[in-house]
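Trainee: how would this look folded up:
(3 chains)
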Amino acid sequence: MTEPGAAAPRHAFVLTISDGVAAGVRDDQSGRGLERRLSDLRFEVRRAVVADEPEAIRAAIVDAVGSAELVLTTGGTGLTPRDVTPQATEAILDYQVPGIAEAMRAEGRRATPLAALSRGIVGVRAGALIVNLPGSPKGALESLEAIVPVLDHALETLAGPVDHGSPAGSSVAGRSVAGRRVPGKRVAGR
Amino acid sequence: MTEPGAAAPRHAFVLTISDGVAAGVRDDQSGRGLERRLSDLRFEVRRAVVADEPEAIRAAIVDAVGSAELVLTTGGTGLTPRDVTPQATEAILDYQVPGIAEAMRAEGRRATPLAALSRGIVGVRAGALIVNLPGSPKGALESLEAIVPVLDHALETLAGPVDHGSPAGSSVAGRSVAGRRVPGKRVAGR
Amino acid sequence: MTEPGAAAPRHAFVLTISDGVAAGVRDDQSGRGLERRLSDLRFEVRRAVVADEPEAIRAAIVDAVGSAELVLTTGGTGLTPRDVTPQATEAILDYQVPGIAEAMRAEGRRATPLAALSRGIVGVRAGALIVNLPGSPKGALESLEAIVPVLDHALETLAGPVDHGSPAGSSVAGRSVAGRRVPGKRVAGR
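Mentor: Presented below is the predicted three-dimensional model:
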């Protein structure tokens, strides 16, 4: 599928979480904007939409992880009881990466103090990076932009090759299973 | 009770958490300072004092939520085993809003690195916003000031009207029950 | 052991968490660097090395807390499944101090956005402060430097004397048990 010598394609999944978009009464401007930006960043992008229902959100993320190394959600990170994206995401993560969520909000507060109100979390499941972005088109794109500087490194680390305090060469490289790489281990980035 | 055309009154509760104040051997300067500032911000304010006891803290917050849409605690956020406010608060929250706690500390660190030592958390219970502030008068007031820019929006969002990805007009407004508004749902702020 | 009138010695423990260092195939540059810096800060320092195994990490921290009021770990805070230091640490903490972890990452991001990828946590166990630092020599030292401004205050607070909203003089001083101070309680720092 890939030209010899070309970089392997990277796969991203954009999950819009919105009762209104799921019901067909609201335009998915955030999802489209994220897809465009990810294409610019050389990801192959797929998208889906679910309502603000924990079970549907969990199932959609778990499914997306099977075919994408990056899963962005948009929507459902606000303050109301209907905003359940962070709780649903947390339930299916292997572990959180709190510093990415902190960085998104810290960068966001430079534009508006309201960035503090996004409850989005970030973490890893089965070697894929899951990122909760806000629901508004502007908030979603700005939050994505805030993590672009760490995205390549984060995904490369998750994909292996393994180097966790071992000298180069003694490590086992990440290997392909069912079309995606199994995460290896590797020394922390800094 | 309210003049026709006037805004509905907003209710805040200030809970001082301090063995010394509860025992009557320490002055509640922080509680009084917070009450004054909240009055300036057009809240009707009630106050109470409890010792640093988890059960008493939990009961006081749960009770306050019945009559206030904003509950500020002051005290018990430090490093010692007697500082139990964050743990007690977490136990009765429906969900946390980590970005508000991050913003308070980030703003606080501009004044003093010791702001990093406050373990305060922020979250929602039954549509009310609960905020742990530090115990010192200066720390408490500065932390409150750090969240004033998001307070109106946060409380309006929690109070409804509902708009969670639905087009304007299709939403159900927050309604009054027993003197306080029941939280609706609404799209995230940005 | 201590000169009359001299300050009591402070004890720190540096735990290097690395498969490679534990196997003897990687140099422990981070551990040595942290030991040097802590000595400059007038700590008596001990060190140990463990592999990236949760049980070994938990046991080493629990053991270190018995003889040190400050425990720094280096390594295992990255994104891969083999990076288990934060999870292992969290399991044995009495409570977290999230603001110190936030401050380390916020300061780190001024040098490199990759600082957001450290999943390190900070907390207290039995009156000792436990801090997860990144694995790289540069990341570990920079993160330590970021918390030096709060270190004295944090350790003094944890060591007592007790003053938790009580007037000065009514408090019980921290006392020595088996060579280390038992944490008292004390009012939060700000």
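
Trainee: for chain A, where's the lowest mean pLDDT among helices and strands?
Mentor: strand A:176-177 (a mean of 30; mean pLDDT, DSSP states H and E).

Trainee: how about stretch A:16-32: buried residues?
Mentor: Within stretch A:16-32, the residues scored as buried using 16 or more other Cβ atoms under 10 Å in any protein chain shown are A:T16, A:I17, A:S18, A:D19, A:G20, A:V21, A:A22, A:R26, A:D28, A:Q29, A:S30, A:G31. Just so you know, the C-beta spots here come from the backbone N, C-alpha and C atoms, and that holds for glycine as well.

Trainee: And the furthest pair within those residues?
Mentor: The largest separation in these, counting by Cβ to Cβ, is between A:D19 and A:Q29 at 15.5 Å.

Trainee: residue ranges with poor pLDDT in chain A?
Mentor: A:1-7, A:161-190 (pLDDT under 70).

Trainee: show me where chain A has helices.
Mentor: With helices called from DSSP state H, chain A shows them at A:19-22, A:29-40, A:54-65, A:85-92, A:98-111, A:137-159.

Trainee: Quick check: buried residues in stretch A:32-40?
Mentor: Within stretch A:32-40, the residues scored as buried using 16+ other Cβ under 10 Å are A:G33, A:L34, A:E35, A:R37, A:L38.

Trainee: isn't the last one right up against A:V14?
Mentor: Yes - A contact is recorded between A:L38 and A:V14 when judged using Cβ atoms under 8 Å, the distance being 7.0 Å.

Trainee: Now for those two: what residues contact both?
Mentor: Here A:L38 and A:V14 have A:V45, A:L72 as joint contacts, going by Cβ atoms under 8 Å, 6 or more residues apart in numbering or on different chains.

Trainee: OK, contacts around A:E145?
Mentor: Contact analysis of A:E145 by Cβ under 8 Å, 6+ apart lists A:R37, A:E107.

Trainee: 6 Å instead?
Mentor: If you count contacts by Cβ atoms under 6 Å, 6 or more residues apart in numbering or on different chains, A:E145 has none.

Trainee: How much space separates it from chain C?
Mentor: Applying Cβ to the nearest Cβ, to the nearest Å, one obtains 12 Å for the distance of A:E145 from chain C.

Trainee: Contact residues of chain A facing chain B?
Mentor: Contact residues (Cβ under 6 Å from any Cβ of the partner chain) of chain A with chain B: A:18-21, A:25-26, A:77-80, A:82, A:105, A:113-114, A:116-119, A:134-136, A:139.

Trainee: related to what we said a few turns ago, out of the buried residues of stretch A:32-40, which comes closest to C:T157?
Mentor: When the buried residues of stretch A:32-40 are compared against C:T157 (criterion: Cβ to Cβ), the nearest one is A:L34, at 44.5 Å.

Trainee: shouldn't the closest one be in contact with A:V14?
Mentor: Yes - assessed by Cβ atoms under 6 Å, A:L34 is found in contact with A:V14 at 4.8 Å.

Trainee: residues shared between the contacts of those two?
Mentor: A:L72.

Trainee: Now A:H11. Nearest residue, chain neighbours left out?
Mentor: A:A68 (4.2 Å; Cβ to Cβ, 6 or more residues apart in numbering or on different chains).

Trainee: burial count for that neighbour?
Mentor: Residues lying near A:A68 (other Cβ atoms under 10 Å in any protein chain shown) number 23.

Trainee: Please apply the same query to the one 4 residues further on.
Mentor: If you count neighbours by other Cβ under 10 Å, A:L72 ends up with 29.

Trainee: That one is in contact with A:V131, isn't it?
Mentor: Yes - applying Cβ under 6 Å, one finds A:L72 in contact with A:V131, separated by 5.2 Å.

Trainee: Now A:D83. Nearest residue, chain neighbours left out?
Mentor: Nearest to A:D83 is A:G76, by Cβ to Cβ, 6+ apart, at 4.9 Å.

Trainee: That neighbour contacts A:I17, doesn't it?
Mentor: Yes - contact criterion Cβ under 6 Å: A:G76 and A:I17 qualify, at 4.2 Å.

Trainee: now the end-to-end length of stretch A:9-26.
Mentor: Length of stretch A:9-26, first residue to last, Cα to Cα, to the nearest Å: 32 Å.

Trainee: Quickly list what's touching both of A:G76 and A:I17.
Mentor: A:D52, A:T85.

Trainee: Once you drop chain neighbours, what's closest to A:S67?
Mentor: A:H11 (6.0 Å).
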